[in-house]
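> I would like the atomic coordinates for the input below:
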Amino acid sequence: MTLDPGAPTRHPVAWQRPEFFDGDLLDKEMRRVFDICHGCRRCFNLCGSFPRLFDLIDDSATGEVDGVSSASFESVVNACTLCDMCFMAMCPYTPPHEWDVDFPHLMLRYRAKQHRERKKITSASPRLAETDKNGRLARFIAPLMNWGANKNNRTTRFVLEKIAGIHRKATLPRYFNPNLVIRANKNPLDINQKAPAFGRKVALYATCFGNYNSPSIGEAARAVLAHNGVETTVIYPRCCGMPQFEQGNIERVAKDAQQTALELCDWIKKGYDIVALVPSCSLMLKLEWPLLVPDNAAIKDLSKNSFDISEYIMDIARSEGLTNNLSSVRGDVTLHMACHARAQNIGYKSAEMLRLIPNLKVDVIERCSGHGGSMGVTRDFHETASKVGRPVTRKILDSQNHLISSECPLAATHIVSETKSMFENDKTRKYSKPPEDAHHPIEILAMSYRLAW
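Residues are numbered from 1 along each chain as shown. Purely as a prediction, here's the structure:
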């Protein structure tokens, strides 16, 4: 009888040790872990990395890992989106198991070595990961940026593909002016003093996407929180670092994390909870930063006081109770559970939240959208992203629900685009007209409250 070794736990990322970047030690560890994966194959359909690995092994002269060249490992690493699903949901050999398998952080280690050696993961411009610089620039030329980024603009998208490595068929995020921080400062909200949760205070971490690309999410969150008696202030010191994390630039992520944690902890000292609008960002604050800088007191404190927006709403619902004037919304919803929300191991908070809405049927999809952060728009990976996300797209069309929802706005954009494409191209199935847009769960809750935002 084999005893359950316990919930998955993670070791700090030892990026400051010289052996972390040692090529021979890294190759030895890659072969050890890949051999375990080869013997298990539970993750064969999870993402692009595992099929690539298993094909390499099966096509080798020996049919084992020892028959695969070390140079071939790069293709496996480059297909990893660091979604964490193999670690959190699939792998039976994660620590504290004695085999100590952490596939995503092994991929991160390889990418950190690539970054140190100035090797690019994709042909896309590194500027794609500079979300703050891009957002600040786009604020002043948002209409021009959106015009050029529109995938129906064949001329500009051809140029973007050739010069920046962005696939011409990938739907790119829009930019907005003014951004969320400016909007919030200009539009203070009345706090519902009769709400059960009156007295709570939230510093709403806008995130780069919420601030520059989808301020509607933050405005809906502010409206819902104010309606439930919660005072909010919108803050945005800088990006959480996930785009740089994907690139293996650990040193920069760790440096920015320490500075950001100090600034956010000032709000915690004033009695505010930190609530992030995007699950990738709350994952960084709560779980990844403490593994990169494990001895930093501010990061530890921030980790304990940070919440995903759906998680926070459900905490209010359990602790004090929400205001009870939720009403039905038009149609039912298909909810895509974002990988980085699932990786936080907090349960399906967005689904729980939506099920508070009267008469709403919530169909949950627990598969990867395929987008993989910024990688899904690149020339190298967009077609793979479309393939990986096809089961999600098909389920959405088969459900024929009126609303699509995802906590991850990048995934939402990708899903809507792929849904329209499948609707237009798959003649073997009869679909109703696909939804025109996807909504963050907090936006649907705001609809239920009949709030304007």
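> tell me the centre residue of the chain?
The centre of the chain sits closest to residue 280, judged by CA atoms, centre = their mean, with a distance of 3.6 Å.
> any idea how far the closest residue to residue 413 other than its chain neighbours is from residue 180?
Excluding the flanking residues, the one nearest residue 413 by CB to CB, 6 or more residues apart in numbering is residue 171, at 5.3 Å. Every residue, glycine included, has its C-beta placed from N, CA and C. To residue 180, residue 171 is 21 Å away according to CB to CB, to the nearest Å.
> of those two, which one has the most company?
Set residue 171 next to residue 180 and count neighbours by other CB atoms under 10 Å: residue 180 wins out with 27 against 22.
> my guess is the residue nearest to residue 413 contacts residue 416, does it?
Yes. The pair residue 171 and residue 416 passes the contact test of CB atoms under 8 Å, sitting 7.5 Å apart.
> ok, residue 295 - contacts?
By CB atoms under 8 Å, 6 or more residues apart in numbering, no residues touch residue 295.
> so for it, what's the pLDDT?
Looking at residue 295, its pLDDT is 95.
> dihedrals phi and psi, it?
phi -100, psi 10 (degrees, to the nearest 10).
> and the one 3 residues further on, by the same measure?
The phi/psi pair for residue 298 (degrees, to the nearest 10) reads phi -60, psi -40.
> tell me which element the residue nearest to it when sequence neighbours are not counted is part of?
Spatial nearest neighbour of residue 298, excluding adjacent residues (CB to CB, 6+ apart): residue 261 at 4.0 Å. Using DSSP states H and E, the element containing residue 261 is helix 250-269.
> distance from the chain centre to that helix, please.
Remark: helix 250-269 is offset 19 Å from the chain centroid, using CA atoms, centre = their mean, to the nearest Å.
> next SSE after it?
Proceeding N to C from helix 250-269, the next assigned helix or strand is strand 273-276, under DSSP H and E.
> who does that following strand pair up with?
Strand 273-276 sits in its sheet next to strand 201-205 (parallel), strand 306-308 (parallel), going by DSSP bridges.
> residues in contact with the last one: which ones?
Just to be clear, that refers to strand 306-308. 205, 273-276, 279, 282, 285-286, 315, 341, 344, 346, 349, 407.
> what's the average pLDDT for whatever helix or strand residue 394 lives in?
Assessed by DSSP H and E, residue 394 sits inside helix 390-399. Averaged across helix 390-399, pLDDT comes to 87.
> buried ones in that helix?
Neighbour counts over helix 390-399 (16 or more other CB atoms under 10 Å) mark 392, 393, 394, 396, 397, 399 as buried.
> what do you get for stretch 305-325?
Taking 16+ other CB under 10 Å as the basis for neighbour counts, the residues of stretch 305-325 that come out buried are 305-317, 320, 322-323.
> keep only those of these that are in strands.
Among the buried residues of stretch 305-325, the members falling in strands (DSSP state E) are 306, 307, 308.
> output those in JSON lines, with pLDDT and distance to residue 356 appended to each entry.
Listed next are those as JSON lines, based on pLDDT from 0 to 100; distance: CB to CB, whole Å:
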{"residue": "306", "pLDDT": "97", "distance to residue 356": "23"}
{"residue": "307", "pLDDT": "97", "distance to residue 356": "17"}
{"residue": "308", "pLDDT": "96", "distance to residue 356": "16"}
